[in-house]
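Student: got a sequence here, can you build the structure:
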Amino acid sequence: MAKKQNPWSKYIILLVIAVLLLLVVSLKNRRYQPNVSRVFDVNVEDVNAFTVSKDTVSVTLLKADTTWVFAEPDTGTVKDYRIENFFKNVVNAKKTGFVTKNPDKYDQYNVSDTKGLKVELKKGEFVLGTIYLGRSKANWSQNYIRYPDDPKVYSSQKNMLSYASERASFWR
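Tutor: Just a heads-up that it's a prediction; the model follows:
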């Protein structure tokens, strides 16, 4: 006696093959997605001072109890919204893949020691993290990021330079 074949078996086999193909394609595409990570790997509560400098101009802000003040000799009141924007858009910023690892191109991406905006986060006298920020000529909504101990230049997800400046008048 011949066994009667299930009429749905063909469709089940086709469904299993389709699911396997979909799984293989999604795994292959996953490696082409950009790796997004934080710019600074620090706890925001640990930061009680930061310095923003470019070339020879520099400003240092310190946390005094619950408010931020300028380090000597600068005077004036630091605007709270500037500090909030700095922490939200610079300290908590995200970066994507790197664009180059050639040190000869640092000037092109504006992240060299003289052209880049240097941001140092500190806990007392201990430096928690340092980056150089450079303006993108092609896309105003992103910047370039370089770490002093890493030859790679990364791309930021948003414009960070709008929320930091080496001039004390920016923070007043």
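
Student: kindly export the longest helix seen in the chain (C-alpha atoms) in CSV.
Tutor: Counting residues, the longest helix found in the chain (DSSP state H) is helix 9-30. C-alpha atoms of helix 9-30 as CSV (Å, rounded to 0.1, in the frame of the first residue of the first chain):
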residue,chain,number,x,y,z
SER,A,9,4.9,19.2,2.7
LYS,A,10,6.1,21.0,-0.5
TYR,A,11,5.0,24.3,1.0
ILE,A,12,6.7,23.7,4.3
ILE,A,13,10.0,22.8,2.6
LEU,A,14,9.8,26.0,0.5
LEU,A,15,9.1,28.0,3.7
VAL,A,16,12.0,26.5,5.5
ILE,A,17,14.3,27.3,2.5
ALA,A,18,13.0,30.9,2.3
VAL,A,19,13.6,31.4,6.1
LEU,A,20,17.2,30.1,5.8
LEU,A,21,17.9,32.3,2.8
LEU,A,22,16.6,35.3,4.7
LEU,A,23,18.7,34.5,7.7
VAL,A,24,21.9,34.2,5.5
VAL,A,25,21.2,37.5,3.7
SER,A,26,20.6,39.4,7.0
LEU,A,27,23.8,38.0,8.6
LYS,A,28,25.8,39.1,5.5
ASN,A,29,24.3,42.6,5.6
ARG,A,30,25.0,43.0,9.3
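
Student: give me the buried positions along it.
Tutor: By neighbour count with 16 or more other Cβ atoms under 10 Å, helix 9-30 contains no buried residues. (Glycine included, C-beta is placed from N, CA and C.)

Student: now do the helices for this protein: every range, in order, please.
Tutor: Going by DSSP H, the chain shows helices at 9-30, 80-86, 168-171.

Student: now render the ones you listed as a markdown table, adding distance to residue 108 and mean pLDDT.
Tutor: Below are the helices of the chain laid out as a markdown table (distance: least, Cβ to Cβ, whole Å; pLDDT from 0 to 100):
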| stretch | distance to residue 108 | mean pLDDT |
| --- | --- | --- |
| helix 9-30 | 31 | 86 |
| helix 80-86 | 26 | 90 |
| helix 168-171 | 26 | 87 |
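
Student: surely residue 147 meets residue 119?
Tutor: No. Contact criterion Cβ atoms under 8 Å: residue 147 and residue 119 do not qualify, at 10.9 Å.

Student: what's the overlap in contacts for the two?
Tutor: 130, 131, 132 (Cβ atoms under 8 Å, 6 or more residues apart in numbering).

Student: among those, who's most crowded?
Tutor: residue 131 (27 neighbours; other Cβ atoms under 10 Å).

Student: residues contacting residue 50?
Tutor: Counting by Cβ under 8 Å, 6+ apart, residue 50 touches 60, 61, 86, 119, 120, 121, 122.
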